[in-house]
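Asks: show me how the following folds:
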Amino acid sequence: MDSAIPVAEERLAVATRRVPTGRVRVETRTETVEEVAVAELETSEVEISRVPIDTDVDAAPEIRTDGNVTIIPVVEERIVLTKQLVLKEEIHVRRRQSVESVQIPVSLRRLQAFVTRTNPEEQNDG
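Replies: Numbers count the residues shown, from 1 in each chain. Got it, this is the predicted structure:
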């Protein structure tokens, strides 16, 4: 009877390992950039002047506008032998507007990212 005696036998074993192929380095830097903010500022001024009139009127005049002047009548009652309405004065309100352009320096920050890729051979040298 013939019998076989095994002398050698091969077996397969599969495994994985990590092999670095390179690295990536990300750096961020914040830069400050000087810029000029431009804006227009509007200003209104009011000038008040009293204009004496001292004229008899039958009824109180209405508030009126003449160009950029608003005229507000001021009346008073005076007792004479009869009651009489007298336009004592007018108040003139004049509006003036001006526009001023201003420039204001401002600091703005900007974040930048820098990406550097390295090879594994360079990592072993350092």
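
Asks: please name the residues that touch residue 118.
Replies: Residues counted as contacts of residue 118 (C-beta atoms under 8 Å, 6 or more residues apart in numbering) are 22, 23, 24, 25. To be clear about C-beta, it is placed using only N, CA and C from the backbone, and glycine gets the same treatment.

Asks: try it again with 6 Å
Replies: 22, 23 (C-beta atoms under 6 Å, 6 or more residues apart in numbering).

Asks: return the distance of it relative to residue 17.
Replies: Separation of residue 118 from residue 17 (C-beta to C-beta, to the nearest Å): 21 Å.

Asks: likewise residue 59?
Replies: 107 Å.

Asks: okay, these two: which has more neighbours?
Replies: residue 59 (7 against 4; other C-beta atoms under 10 Å).

Asks: what's the burial count for the nearest residue to the more buried one once chain neighbours are set aside?
Replies: For residue 59, ignoring the flanking residues on the chain, the nearest one in space by C-beta to C-beta, 6 or more residues apart in numbering is residue 85 at 6.9 Å. Residue 85 has 16 neighbours, counted by other C-beta under 10 Å.
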